[in-house]
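Trainee: Predicted model and sequence below, questions to follow.
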Amino acid sequence: MRLELEIGELTLLGFRPQDRHRIGDALRDELVRLLEARPPTAAPPASTERIDGGSFAASPHPDVVGRRIARAVHGGLG
């Protein structure tokens, strides 16, 4: 299965603006890793406005935050 995922906007509240790239890079890297290891069990809709990934524990480390967001998104894909 070929899956194309585009995150048009990621709103991060409560994090330092200078951490946005580290969070985004960690999110991308972890999501790619997760999707390669465990693709979604069902085909997602052709277009999805929003994915509810639930919640995750915050961390002061931008890389950890990005990985946790990726896991939440991956879980929301099914």
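Mentor: Right, received. Where do you want to start?

Trainee: check contacts around the spatially most central residue of the chain.
Mentor: The centroid of the chain falls nearest to Ala70 when counting by Cα atoms, centre = their mean (2.8 Å). Shown in contact with Ala70 (Cβ atoms under 8 Å, 6 or more residues apart in numbering): Ala26, Leu27, Arg28, Asp29, Glu30, Leu31, Leu34. For the C-beta atoms, the positions are set from N, CA and C on the backbone; glycine is no exception.

Trainee: Quick check: the fifth one touching Arg71?
Mentor: Yes. With contact defined as Cβ atoms under 8 Å, Glu30 counts as touching Arg71 (6.9 Å).

Trainee: so where do the strands sit in this protein?
Mentor: Shown for the chain, no strands are assigned by DSSP state E.

Trainee: the helices in it, which residues?
Mentor: Applying DSSP state H to the chain gives helices spanning 20-37, 62-77.

Trainee: returning to what we had before: of the contacts of Ala70, just the buried ones, PyMOL syntax please.
Mentor: In PyMOL, a selection of the buried entries from these looks like this (16 or more other Cβ atoms under 10 Å):
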select buried, resi 26+27+30+31+34
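
Trainee: Out of the contacts of Ala70, which comes closest to Leu5?
Mentor: When these are compared for distance to Leu5 (Cβ to Cβ), Leu31 wins out at 7.3 Å.
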